[in-house]
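J.: missing the sequence, but the structure's below:
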């Protein structure tokens, strides 16, 4: 019988996905908000509130991924506190 490691592979995968998704959200949102005319033109007629919400949500996902790795329940549940 094998024991389950407290820092199992599933936690690392979940944390990696959260951090990667958050980082991509920050990059794409940052380009849409702060990029040049070509980047802002590619976005089209987007609602500024939605762009800002997505950009700031990226930081929450990164914090959630860090919280998963650190086994901090407050940080790990961060994106789901907004319901």
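T.: Structure's in. What do you need? Keep in mind the model is a prediction, meaning the values are calculated, not measured.
J.: and stretch 35-44, average pLDDT?
T.: For stretch 35-44, the mean pLDDT works out to 85.
J.: which outside residues touch that stretch?
T.: For stretch 35-44, the external contacting residues (Cβ atoms under 8 Å, 6 or more residues apart in numbering) are 31, 32, 51. No exception for glycine: its C-beta is placed from N, CA and C like everyone else's.
J.: moving C-terminal from whatever helix or strand the second one lives in, which element do we reach first?
T.: This points to residue 32. According to DSSP states H and E, residue 32 maps onto helix 9-34. Per DSSP H and E, helix 9-34 leads on to helix 37-43 as the next helix or strand towards the C-terminus.
J.: returning to that earlier point: flag every buried residue along the helix holding residue 32.
T.: For helix 9-34, the neighbour count (16 or more other Cβ atoms under 10 Å) marks 14-15, 18-19, 21-22, 25-26, 28-29, 31-33 as buried.
J.: who's in contact with the residue nearest the centre of the chain?
T.: Geometric centre of the chain, nearest residue: residue 22, 2.2 Å, by Cα atoms, centre = their mean. When contacts are counted by Cβ under 8 Å, 6+ apart, residue 22 is found next to 57, 58, 59, 60, 61, 62, 63, 64, 65.
J.: give me the PyMOL select line for those, limited to the buried ones.
T.: Of the contacts of residue 22, the buried ones can be selected in PyMOL as follows, counting by 16+ other Cβ under 10 Å:
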select buried, resi 57+58+60+61+62+63+64+65
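J.: in TSV, list the contacts of residue 22 along with pLDDT, secondary structure and distance to residue 40.
T.: Below are the contacts of residue 22 laid out as TSV (pLDDT from 0 to 100; DSSP: H, G, I helix; E, B strand; the rest coil; distance: Cβ to Cβ, whole Å):
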residue	pLDDT	secondary structure	distance to residue 40
57	93	helix	20
58	95	helix	18
59	94	helix	21
60	89	helix	24
61	91	helix	23
62	93	helix	24
63	88	helix	27
64	86	helix	29
65	88	helix	29
